[in-house]
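K.L.:
requesting a structural model of the entry that follows:
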Amino acid sequence: MSSDTMAIRVAGLGKCYQIYDRPQDRLKQSIVPRLRRLFGQPEPTYYREFWALRDVSFQVRRGETVGIIGRNGSGKSTLLQVICGTMTPTTGAVETAGRVAALLELGAGFNMEFTGRENVYLNGSVLGLTRQEIDNRFDEIAAFADIGEFIDQPVKAYSSGMVVRLGFAVAIHVDPEVLIVDEALAVGDELFQRKCFSRIETIKGRGATILFVSHSATTVVELCDWCLLLDQGDLLTTGAPKTVVGKYQRLIYAPEARRSAIRDEIRDSSRTPLDGPGGTSEPDLARSNAGGQDAVEEFYDPGLKPQSTIAYETRGAVIGEPRILALSGAAVNCLKRGNSYRYTYRVRFEVAATNVRFGMLIKSTSGVEIGGAESAPRSRMGIPFVAAGTELAVEFRFECCLNAGLYFLNAGVLGVRDDQELYLHRLLDTCIFRVLPDPDNLATALVDLHCVPEVRMLTDPADGPGFTPGERLASAVLT
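P.N.:
Presented below is the predicted three-dimensional model:
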């Protein structure tokens with residue numbers, strides 16, 4: 001690889017499969033063309049070509065975490081297998097720098113007759129570890145897998161979950177320079193999944209390069225530096241995870257008749273520069289200087305507008321006029337922490353709908369879903385029938401428990417068609433708002449949990465200032 005800063009380089013990559021309609025066609029293809037070639041005759045083909053990947057090119061720098069998203073059958077797993085070297089491309093080339101560990105089909109290389117311990121050594125050696133390295137890491141691997149005494153039992157006695165846990169534990173302790181993950185974080189229970197995330201975060205912190213495939217949009221946004229979208233073997237776009245995930249969601253929720261046009265729109269949009277966080281410039285917040293009387297007073301900033309809004313295809317309903325109102329009725333987009341607000345929008349029904357529900361969602365600038373609400377918990381509890389031509393006003397009242405920063409709002413309306421609930425219309429990033437800084441705020445991160453910090457003296461040092469054991473030194477309530 002020509003540049004020391006590059007960990008992965010993919011150039012013009014293509015993978016084609018030969019699809020045979022009948023088993024005998026495969027036999028014919030192996031014999032007939034050769035015979036006809038001997039006699040100088042045209043060579044027939046008995047198969048159809050299926051391109052799982054077509055002309056895919058991108059580069060990943062060292063230390064980057066890159067998400068790969070797309071519908072089932074879009075070519076994600078094929079791309080990872082080619083990069084790992086377990087599959088040969090039809091066209092193009094792939095270069096990687098450093099030790100590669102892949103979390104693909106975990107446990108697929110295990111010998112079912114061997115014990116878990118023996119498979120750790122077998123799998124570890126395949127991944128490039130020496131015997132001494134495996135010896136040094138075995139206890140950590142066994143503790144991470146957490147399968148207890150089964151580590152010395154034949155793998156054929158394991159449950160499928162135990163096999164995957166052990167496979168993950170081995171692969172994650174290789175200390176790779178390039179880590180490739182294909183939906184492997186869905187293994188085990190919630191505690192094990194969190195342990196997997198924590199380990200990957202540690203590997204990322206060490207400067208490893210990570211390729212990550214997941215259908216979880218939130219996970220991709222949380223973990224990845226940038227993202228690429230595959231569809232039908234084509235690379236449609238790359239960019240900031242929140243932006244690419246929004247385009248992906250628009251594509252998968254589109255009616256079948258519109259998907260081709262939306263694919264073209266996504267391709268065209270990838271030729272223009274991506275919006276920065278929030279898609280907007282920083283408004284003038286000079287009035288928010290610490291200690292100023294107006295620092296936490298709500299107001300409306302006309303320059304604070306989203307540029308990353310994505311509208312799903314309508315299925316008979318149209319959302320309009322989304323806005324945030326103070327309880328006084330005034331429109332605001334710079335909010336005061338602790339105050340209550342109303343998020344409102346209108347929905348016009350062009351086609352009659354049944355079991356109608358409405359929703360809202362607040363997200364961070366990186367796309368992390370912070371919280372939301374629905375107008376009814378289940379479809380059957382929604383509005384039974386809404387006639388065509390009806391226009392409804394929707395309102396969600398919420399308390400601003402967020403800390404200072406930029407946030408986005410989604411809006412959605414669901415209904416039932418052909419016994420299936422689906423979005424009749426949905427808007428992503430349709431509103432943007434800022435929570436103003438509060439110089440007296442003690443809460444950290446995104447959400448104010450109303451914690452009550454307390455510090456007490458447990459011992460009385462000989463040379464201390466005279467506090468008695470149990471005396472409260474500091475106390476505050478975050479409101």
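
K.L.:
so where's the stretch 1-150 of the chain shaky on pLDDT?
P.N.:
Within the stretch 1-150 of the chain, the stretches with pLDDT under 70 are 1-3, 105-108.

K.L.:
what of the stretch 151-300 of the chain?
P.N.:
Across the stretch 151-300 of the chain (using pLDDT under 70), the flagged ranges come out as 183-191, 270-296.

K.L.:
and the strands in it, which stretches?
P.N.:
Counting by DSSP state E, counting those that start in this stretch, the stretch 151-300 of the chain has strands at residues 178-182, 209-213, 226-231, 234-239.

K.L.:
mind listing residues that contact the last one?
P.N.:
Read that as strand 234-239. Contact with strand 234-239 is made by 54-58, 226-230, 244, 247, 263, 266-267, 269-270, 274, as judged by C-beta atoms under 8 Å, 6 or more residues apart in numbering. Heads up, the C-betas are built off the backbone N, CA and C, glycines and all.

K.L.:
which of the residues you listed are buried?
P.N.:
Burial by neighbour count, 16 or more other C-beta atoms under 10 Å: within the contacts of strand 234-239 this picks out 54, 56, 58, 226-230, 244, 247, 263, 266, 270, 274.

K.L.:
these: which two are farthest apart?
P.N.:
The span of these, defined through C-beta to C-beta, is set by R54 and L274 at 23.4 Å.

K.L.:
all strands of the stretch 1-150 of the chain, in order?
P.N.:
Using DSSP E, counting those that start in this stretch, strands in the stretch 1-150 of the chain cover 6-19, 48-61, 65-69, 91-96, 100-103.

K.L.:
the shortest one pairs with which strands, parallel or anti?
P.N.:
Translated: strand 100-103. strand 178-182 (parallel) (DSSP bridges).

K.L.:
for L251, find the nearest of the strands of the stretch 1-150 of the chain.
P.N.:
Using C-beta to C-beta, the nearest of the strands of the stretch 1-150 of the chain to L251 is strand 65-69, at 10.0 Å.

K.L.:
just checking, what packs against the closest one?
P.N.:
helix 76-84, strand 209-213, helix 217-223, strand 226-231, helix 241-252 (3 or more C-beta pairs under 8 Å, 6 or more residues apart in numbering; DSSP states H and E).

K.L.:
pull out the buried residues from that strand.
P.N.:
T65, V66, G67, I68, I69.

K.L.:
and what of stretch 357-365?
P.N.:
Buried residues in stretch 357-365 (16+ other C-beta under 10 Å): R357, F358, G359, M360, L361, I362, K363, S364, T365.

K.L.:
what of stretch 15-22?
P.N.:
K15.

K.L.:
so which residues make contact with it?
P.N.:
With C-beta under 8 Å, 6+ apart, stretch 15-22 has contacts from 26, 29, 46-53, 75, 78, 82, 87, 89-91, 233.

K.L.:
mind redoing it with 7 Å?
P.N.:
Applying C-beta atoms under 7 Å, 6 or more residues apart in numbering, the contact partners of stretch 15-22 are 26, 46-53, 78, 82, 89-90.

K.L.:
who are the contact partners of K195?
P.N.:
K195 touches F144, counting by C-beta under 7 Å, 6+ apart.

K.L.:
no no, G320
P.N.:
Y345, R346, R348.

K.L.:
neighbour-wise, which one of the residues you listed leads?
P.N.:
Y345 (23 neighbours; other C-beta atoms under 10 Å).

K.L.:
could I get the phi/psi values of that residue?
P.N.:
phi -160, psi 160 (degrees, to the nearest 10).

K.L.:
can you tell me the element the nearest residue to it once chain neighbours are set aside falls in?
P.N.:
Computed as C-beta to C-beta, 6 or more residues apart in numbering, the closest residue to Y345 that is not its neighbour in sequence is P322, at 4.0 Å. If you go by DSSP states H and E, P322 is part of strand 317-326.

K.L.:
what bridges to the nearest residue to G246 once chain neighbours are set aside?
P.N.:
Nearest residue to G246, sequence neighbours excluded (C-beta to C-beta, 6+ apart): I310, at 4.5 Å. The partner list for I310 in beta bridges (DSSP bridges) reads L428.

K.L.:
thinking I310 is in contact with R250, fair?
P.N.:
Yes: between I310 and R250 there is a contact under C-beta atoms under 7 Å: 5.2 Å.
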